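Novice: Next input, structure requested:
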Amino acid sequence: MPAPRSHSSRRGSSIRTTITGHGCSSPVSALATPAMTHAYVGRLFDQYAARYDTALTENLAYRGPALLRGAVGAVMDAAGRPIRFGSMLDLGCGTGLAGAVFRPLVVDRLVGVDLSIAMIAQAGNKEIYDLLVPRDVENYLADQIIDQRAYDLVIAADVFVYVSDLKPIIASVANVLTPDGLFAFTVETHPGDGVNLLPTLRYAHGQAYVRAALTDAGLAVAHLANAAVRSEKGVPVDSLVVVARKSARRRAPTGPNT
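Specialist: As a prediction, this is how the structure comes out:
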């Protein structure tokens, strides 16, 4: 869920203090990067929900869902598989922009989860989800693992810009994928390694870090490409579009399908 606009420097200082516990004005990297609180992210998007879709498409040239749809299609085509999924989990679904792109002719059952109740309400208005859950992604995935739920496709469209350490979430996603399931997501990126907290208060993940997180979770990269998922003040933002699948050593049943 990309925020519809950048924060001013003055407001950014106060928000940064909320996130880190101190006024950190420069990016921090790797394991030292602080995590954003669920309360902060939930409040942020509750405020934006009513104008979210318009702000993203008209002001930020946001195209994350379309890029993910194209990448998933390319992976399925290369594998000689039809572009059809029995079940899809939309992490950080927001107002349903990604669900609207994937649902038509592609997904039979669509589940969305998001921290923001107001965003969930907007997604519900689109009438494309079979189930919408107002909850944080980490705990929802933990419950899905306990319940032995599995999905053919899991997506996270511009969600990880609010997550510093991707490894726990990626590991959880690996445990809710069907044996031939795919995990598609976007991240903002930077030329170095590790994780940076940018002046926009969004996290950027280095390509090497992303690859290592996937490998540690037993996932293999099926597609990884540089792209501009959105713009910031008219300037394209460096991003990665990623599709991963279970590596051969992890391709064992994970439980009944949803």
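Novice: does L219 have beta-bridge partners, and which?
Specialist: Note on L219: beta-bridge partners by DSSP bridges are K246.
Novice: That one and I170, how far apart?
Specialist: From L219 across to I170, the span is 7 Å (CB to CB, to the nearest Å). The C-beta positions use only the backbone N, C-alpha and C, and glycine is treated the same way.
Novice: what does D143 give?
Specialist: 17 Å.
Novice: of the two, who's got more company?
Specialist: I170 (23 against 12; other CB atoms under 10 Å).
Novice: list the helices and strands the helix or strand hosting that one packs on?
Specialist: Per DSSP states H and E, I170 falls inside helix 167-174. Helix 167-174 sits against helix 137-146, strand 177-188, helix 207-216, with contacts defined as 3 or more CB pairs under 8 Å, 6 or more residues apart in numbering; DSSP states H and E.
Novice: Go through the ones you listed and pick out the most buried.
Specialist: Scoring the helices and strands packed on helix 167-174 by mean neighbour count under mean count of other CB atoms under 10 Å gives strand 177-188 as the most buried, with a mean of 23.
Novice: isn't L166 right up against S172?
Specialist: No: applying CB atoms under 8 Å, one finds L166 not in contact with S172, separated by 10.6 Å.
Novice: For the residue most central in space within the chain, name its beta-bridge partners.
Specialist: Nearest to the geometric centre of the chain sits A156, at 2.5 Å (CA atoms, centre = their mean). Here A156 sits in beta bridges with F185, going by DSSP bridges.
Novice: Show me which residues of whichever strand or helix holds D108 are buried.
Specialist: Using DSSP H and E, D108 sits within strand 107-114. The neighbour-count check on strand 107-114 (16 or more other CB atoms under 10 Å) flags 107, 109-114 as buried.
Novice: Could you dump those residues into CSV and include distance to D77?
Specialist: Rendered in CSV, the data for the buried residues of strand 107-114 read as follows (distance: CB to CB, whole Å):
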residue, distance to D77
V107, 17
R109, 23
L110, 22
V111, 25
G112, 26
V113, 28
D114, 30
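Novice: can you redo these as CSV with pLDDT?
Specialist: Compiled in CSV, the buried residues of strand 107-114 are given as follows (pLDDT from 0 to 100):
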residue, pLDDT
V107, 96
R109, 98
L110, 98
V111, 98
G112, 98
V113, 98
D114, 94
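Novice: ok, the residues you listed vs C93, which is closest?
Specialist: Nearest to C93 out of the buried residues of strand 107-114 is G112 (CB to CB; 3.2 Å).
Novice: correct me, but the closest one touches T95?
Specialist: No: in this structure, G112 is not within contact of T95 by CB under 8 Å, at 9.7 Å.
Novice: which residues do those two both contact?
Specialist: Both G112 and T95 are contacted by A123, under the criterion CB atoms under 8 Å, 6 or more residues apart in numbering.
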